[in-house]
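**Student:** I'll drop the sequence and a predicted model, then ask my questions.
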Amino acid sequence: MLTDPSWSLGAGLEGRGVIVTGAASGIGRATARMMAAAGARVAAVDVDRDGLDETMVTLEGRDDHLAIRFDLAETASIPDLFGWCFLTVLNYRMYRSLVGILCRT
């Protein structure tokens with residue numbers, strides 16, 4: 001149990017950028033919402049555009065966030081995603097991966 005009253009989720013995140021993958025639903029959406037509520041600027045990443053749109057309307061400070069449709073199965077492009085996020089979101093502090101890739105054999 002946390003007993004230090006000075007601790008909060010937002011400690012150090014106010015005005016910082018965070019990248020949340022899997023942000024179109026479930027835990028990813030909940031994480032994006034929590035980060036936005038803590039004052040972070042969220043780059044919400046998912047392959048599901050409709051789900052991202054639904055997530056974006058639930059984020060506090062909606063003008064400060066980005067929805068990025070991206071398929072993480074395209075692994076060769078992931079460095080480009082991070083580079084673009086760095087240039088656009090600037091000063092991102094955290095990356096939270098909440099995505100799984102299923103491969104059929």
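**Tutor:** Cool, got the structure.

**Student:** where does this protein dip in pLDDT?
**Tutor:** Scanning the chain for pLDDT under 70 picks out 1-11, 89-105.

**Student:** try 50
**Tutor:** Across the chain, the ranges flagged by pLDDT under 50 are 1-3, 5, 7, 98, 101-102.

**Student:** all helices of it, in order?
**Tutor:** 26-37, 49-56, 78-89 (DSSP state H).

**Student:** can you add distance to residue 71 and give those helices back as CSV?
**Tutor:** C-beta: built from backbone N, CA, C; applies to glycine. Output for the helices of the chain, formatted as CSV (distance: least, Cβ to Cβ, whole Å):
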stretch, distance to residue 71
helix 26-37, 14
helix 49-56, 11
helix 78-89, 10
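
**Student:** out of those helices, deepest packed?
**Tutor:** Counting by mean count of other Cβ atoms under 10 Å, helix 26-37 has the highest mean neighbour count of the helices of the chain, with a mean of 20.

**Student:** now it against helix 49-56, angle please.
**Tutor:** If you take axes from the mean of the first three to the mean of the last three Cα atoms, to 10 degrees, helix 26-37 sits at 40 degrees to helix 49-56.

**Student:** helix 26-37 packs against which elements?
**Tutor:** Packed against helix 26-37 by the contact rule (3 or more Cβ pairs under 8 Å, 6 or more residues apart in numbering; DSSP states H and E) you find strand 17-21, strand 41-46, helix 49-56, strand 92-96.

**Student:** what about these, which gets the closest to residue 62?
**Tutor:** helix 49-56 (6.4 Å; Cβ to Cβ).

**Student:** helices or strands up against the closest one?
**Tutor:** Helix 49-56 packs on helix 26-37, strand 41-46, strand 66-69, going by 3+ Cβ pairs under 8 Å, 6+ apart.

**Student:** state the phi and psi torsions of residue 72.
**Tutor:** Backbone torsions of residue 72, given as degrees, to the nearest 10, read phi -70, psi -10.

**Student:** thought it was touching residue 47?
**Tutor:** Yes. Residue 72 is within contact range of residue 47, at 7.5 Å (criterion: Cβ atoms under 8 Å).
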